[in-house]
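J.: Pasting the sequence and the predicted coordinates here, then a few questions.
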Amino acid sequence: MAEASRWQQGGTPKHKLHFRKEDEIKTTLQELLLYFIFLINLCILTFGMVNPHMYYLNKVMSSLFLDTSAPGDERSNFKSIRSITDFWKFMEGPLLEGLYWDSWYNNNKLYNLKNSSRIYYENILLGVPRVRQLKVRNNTCQVYSSFRSLMSECYAKYTSKNEDTSDFGLNSDTEWKYSSATISSPRHWGFLGVYQNGGYIFTLSKSKSETKSKFVTLRQNSWITRETRVIFIDFSLYNANVNLFCIIRLVAEFPATGGVLTSWQFYSVKLLRYVSYYDYFIASCEITFCIFLIVFTAQEAKKMKEFKSAYFKSIWNWLELLLLVLCFVAVFFNSYCNIQIFLLLGQLLKNTEKYSDFYFLAYWHIYYNNIIAITIFFAWIKIFKFISFNKTMSQLSSTLSRCMKDIVGFAIMFFIIFFAYAQLGFLVFGSQVDDFSTFQNSIFAQFRIVLGDFNFAGIQQANRILGPIYFITFIFFVFFVLLNMFLAIINDTYSEVKADYSIGRVPDFELGKMIKKSYDNVLEKLKLKKPQKDEKSGDLVEQARREGFDETEIRSAEQMKKWKDRLEKKYYSTEIQDDYQPVTQQEFRDLFLYAVELERELHYISLKLNRVMRKVSALP
């Protein structure tokens, strides 16, 4: 009857609350264990995709094709190209020598050149290399009227609208005729523009002498003209020793200002995914990953159905959704890459006399690697959801959530000043200092200044008056004032949160304590550990008696402690706050008696203080 009346009055039975708490702890521990297994599986999967030989293969190839110069001509390597003449020196020298390894060091032949070519004797050249260029039409830019008599030709920067698609030169071979871009081929993002995949294309020969004569013919007939805006050199390698493909692209951009800007891409990827036993183990991890993904999706769907709009009020739920989306995108990219490799790999290897476009496969494989890297990053961040049950981590999360409004207000002020300095630096130093050549570079250069990485000599040389003024004022306002304000906001908020926790505001349960408690319970049930007795209360009573307190004061203190423990357990618990119930008459009576007892104690303390003050004032 008493329990029924308590339900009717809106109260919650103690044993029910205890069951709810134990159930929540059990559910949290199960989720942590399941997620820990998922994280281990994901780590094995991601590390299985990366091979340490990828770095060494890229390093060897970049050293061969970027840093190698012709004997006696240090200006002939790819990095030092500054003109069309330098470009042809590289093509007829280091590039030719790097692509064709005809014989061993003792001039013995190693393999049949008709079937394959090898670089460093270990890397098979897949198909033949390809060279292509993109051009722009004449009169694609506007010339001021006073200079039109001096300028009969005008070639603007590259865009798809300005691209030249007409035949030129000898009109005899494909390198003089325009080839349209394929739809599936990705565009290249260079320093000066975004380039399509078509253009004027020629493929090299298996023979070194034939390729060299081809280069000489193109150079003598001016294949590179003023209209040229970019030249791509593409080829692919395969190293069977480490089962890696290396897709190489060397890019030479010809800006409208004249000169040459060089860039490069070296992609070492593992396109043949399942070869060894370890690869099949990684495949089993991929299957396990998909199973986990289905389970987690079902769990989140169940939560969304149960909590409805309240589900989206928690930042951890948003992180769950982001992680699920990234996982599905990673599965999609992986499936797409495997399908394309299955469909195209055989076709690309069928004819060794044609160019094999592995750049398309490497492009999507790199995207998959990027997606899986972002996924594992947020998967590690999610661990904070479980660590937040720890007291220290709970304090940190409470600090960040409480000072969020102050940080947003500070961020607005900070970025106003920051972007003002970025605009100033771009306009004053942009034409002379590389770090400020664009507005985006100015922003990142200022972040580097804050971290201590800066080029003060270049700033001072660009403007001897505004350079030092810009640097000193930026350091003073941003580094010494604003950053210290930011630290002060976090420090003050953390002090407040720590003070709140010191007076009894603690998490519902700390994960470490719960694991330790479960471990102790198991040991006690196995009779490997004696049950612990609560002797703290008895020790405090004995200490109070030794210090001279009478029995009345001790009993009053014990009564106060019982009330305090009961009321704190009842009203400081987040479970009660989350599921609010009206206060019953008995609970109100307990609170009232507790308040009366507190008033009595405060009055008693006040009398003692007054007595002490009178004695102190009576002293001579």
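T.: Received it, and whenever you're ready, just let me know what you need.
J.: Can you read off the backbone torsions of the most centrally placed residue in the chain?
T.: For the chain, residue 374 is the residue whose C-alpha lies nearest the centre (C-alpha atoms, centre = their mean; 5.1 Å). The phi and psi values for residue 374, taken as degrees, to the nearest 10, are phi -70, psi -40.
J.: Counting neighbours, what do you get for the residue nearest to it when sequence neighbours are not counted?
T.: Closest residue to residue 374 apart from its sequence neighbours, by C-beta to C-beta, 6 or more residues apart in numbering: residue 326 at 6.1 Å. In short, each C-beta sits where N, CA and C put it, glycine included. Applying other C-beta atoms under 10 Å, we find 18 other residues in the vicinity of residue 326.
J.: which residues sit in contact with residue 326?
T.: Residues in contact with residue 326 (C-beta atoms under 8 Å, 6 or more residues apart in numbering) are 371, 374-375, 378.
J.: Just the element for it, please.
T.: helix 315-350 (DSSP states H and E).
J.: What average pLDDT does that helix get?
T.: Average pLDDT, helix 315-350: 86.
J.: Which positions within that helix qualify as buried?
T.: The neighbour-count check on helix 315-350 (16 or more other C-beta atoms under 10 Å) flags 317, 319-320, 323-324, 326-327, 329-331, 333-334, 337, 340-341, 344-345, 348 as buried.
J.: would you list every one of the helices in the stretch 251-400 of the chain?
T.: For the stretch 251-400 of the chain, helices defined by DSSP state H, counting those that start in this stretch occupy the ranges 277-307, 315-350, 359-381, 384-387, 391-402.
J.: any idea which helix or strand comes after the last one?
T.: Translated: helix 391-402. Immediately after helix 391-402, counting by DSSP H and E, sits helix 404-429.
J.: Can you mark which positions in that next one are buried?
T.: For helix 404-429, by 16+ other C-beta under 10 Å, it's 406, 410, 414, 418, 421-422, 424-426, 428-429.
J.: Adding pLDDT, write those residues out as TSV.
T.: TSV is the format used below for the buried residues of helix 404-429 (pLDDT from 0 to 100):
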residue	pLDDT
406	88
410	89
414	91
418	92
421	93
422	92
424	92
425	91
426	91
428	90
429	90
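J.: and which of the residues you listed is nearest to residue 79?
T.: Closest approach to residue 79 among the buried residues of helix 404-429 (C-beta to C-beta): residue 429, at 25.4 Å.
J.: right, and the closest one touches residue 461 too?
T.: No: using C-beta atoms under 8 Å as the test, residue 429 is too far from residue 461 to be in contact (9.4 Å).
J.: between those two, what contacts are shared?
T.: By C-beta under 8 Å, 6+ apart, the residues touching both residue 429 and residue 461 are residue 467.
J.: Just read off the phi/psi values of residue 195.
T.: phi -110, psi 140.
J.: per-residue pLDDT, it?
T.: 91.
J.: Beta-bridge partners for it, please?
T.: residue 188 (DSSP bridges).
J.: Neighbours of it, how many?
T.: 23.
J.: Touching, it and residue 157? I think so.
T.: No: using C-beta under 8 Å, residue 195 is not in contact with residue 157; the gap is 11.3 Å.
J.: what ranges do the helices span in the stretch 101-250 of the chain?
T.: Going by DSSP H, counting those that start in this stretch, the stretch 101-250 of the chain shows helices at 208-220.
J.: Point out where it drops to low pLDDT.
T.: 103-116, 183-184 (pLDDT under 70).
J.: Over to the stretch 251-400 of the chain?
T.: For the stretch 251-400 of the chain, counting by pLDDT under 70, the residues that fall below are 387-391.
J.: Same question for the stretch 451-600 of the chain.
T.: Residues of the stretch 451-600 of the chain that meet the criterion pLDDT under 70 lie in 502-520, 522-524, 526-592.
J.: at 50 what do you get?
T.: Along the stretch 451-600 of the chain, the parts satisfying pLDDT under 50 run over 508, 534-536, 573-581.
J.: what do residue 195 and residue 157 both touch?
T.: With C-beta under 8 Å, 6+ apart, residue 195 and residue 157 have common neighbours residue 229.
J.: Just list the residues touching residue 36, thanks.
T.: Here residue 36 is in contact with no residue (C-beta under 8 Å, 6+ apart).
J.: In terms of helices and strands, where is it?
T.: With DSSP H and E as the test, residue 36 turns up in helix 14-49.
J.: so what's the backbone phi/psi at residue 50?
T.: Given degrees, to the nearest 10, the pair of backbone angles that residue 50 has is phi -100, psi 130.
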